[in-house]
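A.B. asks: missing the sequence, but the structure's below:
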């Protein structure tokens, strides 16, 4: 069949797929190399859209109740997990194309061969997120999506119950962050607050001991018994380059550091978070 310029020729495949040979379909606009900020703001003032990548991440988003808009895949013969996604999304448009077509459309090779466009959910306020929790983390201006994803993955593994991000941090639903987290962004309560919000007062008002991760004259070891004795703990992690704001450090109940060999003063924030989370929850994990 002839491919007419400006049109997307397609046909139906198994699992209710639509096979695409070109990508001029209006329904595929959201996959066309749009920035994640554009997707975030697509439905303003309502929550926007995000792109999920890989079967595991998509499955966890679906299990968490996120609504799919469409699926874009290069997987014609799916494994059990991908087939389950197709089954869960049987009322959702599923577009199938070869690797080259999808690479040209999305602007990158599909990790795991599958993408899903999903609707965001409204974010809760900080009081709702921390209610009933005993171990939470705050990300203050953590800008690298890979670090954010890594922190979520460590948090899920080590028993952290909620994460609060300041608005100058990377979005947990950015494609890379969600993928690095292995979908754990969908398994932990989280929210975003304005970067100027006095979250330390909000946490203290709910009984949390705030623990700023920073090097200072007042820093104590993460294994300090006073920290371990606190009933509710809030770990505060800062920017990859300059750490936490001085105001945050001064306002926190504790300033803590990870003991390490001379000549090395710090770890990547993702690695540091894993060490701190494990130390605080080791009695439960061991």
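C.D. replies: Okay, I see it. Quick caveat, the model's predicted, so the values are computed rather than measured.

A.B. asks: how about low-confidence regions in the chain?
C.D. replies: Residue ranges of the chain with pLDDT under 70: 1-15, 22-24, 33-34, 44, 101-102, 104-112, 265, 286.

A.B. asks: okay, which residue is most central for it?
C.D. replies: Nearest to the mean C-alpha position of the chain, by CA atoms, centre = their mean, lies residue 172 at 2.7 Å.

A.B. asks: Could you report the distance from that residue to residue 37?
C.D. replies: Separation of residue 172 from residue 37 (CB to CB, to the nearest Å) stands at 14 Å. In this view, the C-beta of every residue, glycine as well, is placed from N, C-alpha and C.

A.B. asks: again with residue 18
C.D. replies: On the measure of CB to CB, residue 18 and residue 37 end up 28 Å apart.

A.B. asks: Tell me which of those two has more neighbours.
C.D. replies: Neighbour totals were compared for residue 18 and residue 37, and residue 18 leads with 17 against 11 (other CB atoms under 10 Å).

A.B. asks: you'd agree that one is up against residue 92?
C.D. replies: No: taking contacts as CB atoms under 8 Å, residue 18 lies outside contact range of residue 92: 11.3 Å.

A.B. asks: burial of the closest residue to residue 210 other than its chain neighbours, as a residue count?
C.D. replies: Nearest non-adjacent residue to residue 210, counting by CB to CB, 6 or more residues apart in numbering: residue 252, 4.3 Å away. Residues lying near residue 252 (other CB under 10 Å) number 23.

A.B. asks: give me every residue that touches residue 252.
C.D. replies: By CB atoms under 8 Å, 6 or more residues apart in numbering, the contact list for residue 252 reads 200, 210-212, 236.

A.B. asks: quick one: buried residues of stretch 138-155?
C.D. replies: By neighbour count on 16 or more other CB atoms under 10 Å, the buried set for stretch 138-155 is 138-142, 144-155.

A.B. asks: Oops, could you answer that again for stretch 196-213 instead?
C.D. replies: Neighbour-count burial for stretch 196-213, with 16+ other CB under 10 Å as criterion, is recorded at 199-200, 202-204, 206, 208-213.

A.B. asks: what does it contact?
C.D. replies: Contacts to stretch 196-213, defined as CB under 8 Å, 6+ apart, come from residues 126-127, 130-131, 136, 138, 164, 166, 193, 227, 230-238, 243-244, 248-249, 251-258, 272, 276.

A.B. asks: distance of the residue lying closest to residue 220 once chain neighbours are set aside from residue 142?
C.D. replies: Spatial nearest neighbour of residue 220, excluding adjacent residues (CB to CB, 6+ apart): residue 256 at 5.8 Å. According to CB to CB, residue 256 and residue 142 sit 17 Å apart.

A.B. asks: again, but for residue 254
C.D. replies: For residue 254, the distance to residue 142 - CB to CB - is 20 Å.

A.B. asks: Make sure residue 130 is actually in contact with residue 136.
C.D. replies: Yes: if you go by CB under 8 Å, residue 130 and residue 136 touch, sitting 5.7 Å apart.

A.B. asks: Now do the shared contacts for these two.
C.D. replies: 162, 164, 203, 208, 234.

A.B. asks: for the first one, phi and psi?
C.D. replies: Pointing back at residue 162 there. Main-chain torsions, residue 162, degrees, to the nearest 10: phi -160, psi 150.

A.B. asks: Tell me if I'm right that it and residue 128 touch.
C.D. replies: No: using CB under 8 Å, residue 162 is not in contact with residue 128; the gap is 9.6 Å.

A.B. asks: Not counting its neighbours along the chain, what's nearest the residue nearest to the centre of the chain?
C.D. replies: residue 185 (4.3 Å).

A.B. asks: And for the longest helix along the chain, what's in contact with it?
C.D. replies: In terms of residue count, the longest helix belonging to the chain (DSSP state H) is helix 269-285. Helix 269-285 has contacts (CB under 8 Å, 6+ apart) with 135, 137, 142, 146-147, 150-151, 154-155, 157-160, 211, 213, 222-223, 227-228, 233, 235, 237-240, 256, 258, 266-267.

A.B. asks: Among those residues, which lie within strands?
C.D. replies: Within these, membership in strands is found for 135, 137, 211, 213, 233, 235, 237, 256, as judged by DSSP state E.
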